[in-house]
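Student: Can you look at this prediction? I've put the sequence above it.
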Amino acid sequence: MKKINIKMLKIGILMGGISSERDVSLKTGQAIYEELKKHKLNVKRIIINNRNLNWLKEKYDLYINALHGTYGEDGVIQGILDFIGRPYTGSGHLTSAIAMNKIRTKEILSFYKIKTPKWQVITDKRDLDKIKYPVVFKPEAEGSAVGVYIVKNKKDANDKFSKVKKLSEKVLVEEYIKGTEISVPVFFGKALPIIEIVPVNEFYDYDAKYTQGKSTHIIPARIEKEIYEKAGKIAEKIFKILDCSELARIDMIIRGKEIFVLEVNTLPGMTSVSLFPESAKKAGIDFFSLLMKLIKDAIKRRK
């Protein structure tokens, strides 16, 4: 294959969007833009503000997908770019759609006998009588812990159920597990150093994720060597099962010797407080090298 001069490419960074994670996407996109600009690459920000496709009028050699949440992380943008034959970073439309949907991901994990907290799906308030508290309420397809609540009793459940229903027709009800929160970044099929997350808040919610000082990230995670290695292997297995491309981040919780998989993120944040670039740096991969590997792979896959 003919060698490509990356500096000759016209690169567009898709950022913003119309999901509840718009602000995070703007920060991710800006961080990527500044890093590539610093290295003299021909890069431009494409800020998505609505549902129209006017941004497609100007042609780019490659798109870096820095969108998060609905329409950016769920296979929609990926499908559009696949249809018109333009290369982009990250996983394809099918993988993205499955991983974004927490219920479908749970079903696949269960099929492969990968341990995940006990769960059920409810759509009606009358179902709240059947639940054994405490539990975690989650919308079917949101990221960044948007709409995620720890629910301790039925009174609390009535209020939180209504809030989640505004985001999702189906409410995922998950067993509440108290333990050590970890995140396993996977880069081209291999687990990077595992991160232990110690949030100031009750759990690693939106505020703890994106507010400086609201969580402590410990790399490598302070867990037993056997558990550490097993968590890495589980993450790599999930990456392969879902047919992820380039990168993903698998969130888990450890209770004793048990490892429970919580979620799969196919477009991890790249902000100043994000986990993925922090772990990559620990592995000796600086931010620019990380981005360059994503760009080169996106081109290779399209070729």
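Tutor: Noted; the coordinates are in hand. Numbering: from 1, shown residues only.
Student: Next secondary structure after the lowest-mean-pLDDT helix or strand in the chain?
Tutor: Taking all helices and strands of the chain together, the one with the lowest average confidence (mean pLDDT, DSSP states H and E) is helix 206-210, at a mean of 51. Scanning forward in sequence from helix 206-210, with DSSP states H and E defining helices and strands, the next element found is strand 215-218.
Student: Which elements pack onto that following strand?
Tutor: Counting contacts by 3 or more C-beta pairs under 8 Å, 6 or more residues apart in numbering; DSSP states H and E, strand 215-218 is packed against strand 195-199. C-beta here means a position set from N, CA and C on the backbone, and glycine is covered the same way.
Student: Quick check: mean pLDDT of the strand it packs on?
Tutor: Across strand 195-199, the average pLDDT comes to 89.
Student: Can you tell me what sits against it?
Tutor: 180-185, 204-205, 208, 214-223, 275, 278-279 (C-beta atoms under 8 Å, 6 or more residues apart in numbering).
Student: Please spell out which residues along it are buried.
Tutor: Neighbour-count burial for strand 195-199, with 16 or more other C-beta atoms under 10 Å as criterion, is recorded at 195-197, 199.
Student: same check, this time on stretch 246-262
Tutor: 246-254, 259-262.
Student: And the strands in the protein?
Tutor: With DSSP state E as the criterion, the chain has strands at 11-16, 43-48, 62-65, 119-122, 135-139, 149-151, 171-175, 180-187, 190-191, 195-199, 215-218, 247-255, 258-265.
Student: What is the burial count for Ile84?
Tutor: Neighbour count for Ile84, taken as other C-beta atoms under 10 Å: 9.
Student: Which residues are in contact with it?
Tutor: Residues near Ile84 by C-beta under 8 Å, 6+ apart: Leu56.
Student: Okay, and the beta partners of the residue nearest to the spatial centre of the chain?
Tutor: With distances taken as C-alpha atoms, centre = their mean, the residue of the chain nearest its centroid is Asn265 (2.5 Å). Residues in a beta bridge with Asn265, per DSSP bridges, are Arg249.
Student: so who does it touch?
Tutor: With contacts defined as C-beta under 8 Å, 6+ apart, Asn265 is in contact with 99, 143, 248-251.
Student: any idea which of those is the one closest to Ala283?
Tutor: When the contacts of Asn265 are ranked by distance to Ala283 (C-beta to C-beta), Arg249 comes first, at 13.7 Å.
Student: hang on, that closest one packs against Leu275?
Tutor: Yes: using C-beta atoms under 8 Å as the test, Arg249 is close enough to Leu275 to be in contact (6.4 Å).
Student: any low-confidence regions in the protein?
Tutor: Applying pLDDT under 70 to the predicted model, the residue ranges of the chain that meet it are 1-3, 143-144, 200-214, 303.
Student: again, 80 this time
Tutor: For the chain, residues meeting the criterion pLDDT under 80 lie at 1-4, 141-147, 199-215, 272-273, 302-303.
Student: May I see the domains of it written out as residue ranges?
Tutor: Domain assignment of the chain by automatic domain parsing yields the ranges 6-89+285-302, 99-115+178-282, 119-175.
Student: so Asn65 touches Ile77, yeah?
Tutor: Yes: the pair formed by Asn65 and Ile77 meets the contact definition of C-beta under 8 Å, at 6.4 Å.
Student: So between these two, which is more surrounded?
Tutor: Asn65 (26 against 21).
Student: The more buried one and Ser279, how far apart?
Tutor: Summarising the geometry, the distance separating Asn65 from Ser279, computed by C-beta to C-beta, to the nearest Å, is 20 Å.
Student: With Asp159 instead?
Tutor: Distance, Asp159 to Ser279, by C-beta to C-beta: 36 Å.
Student: Counting neighbours, go ahead and name the busier of those two.
Tutor: When Asp159 and Ser279 are compared for neighbours, Ser279 comes out ahead with 25 against 10, by other C-beta under 10 Å.
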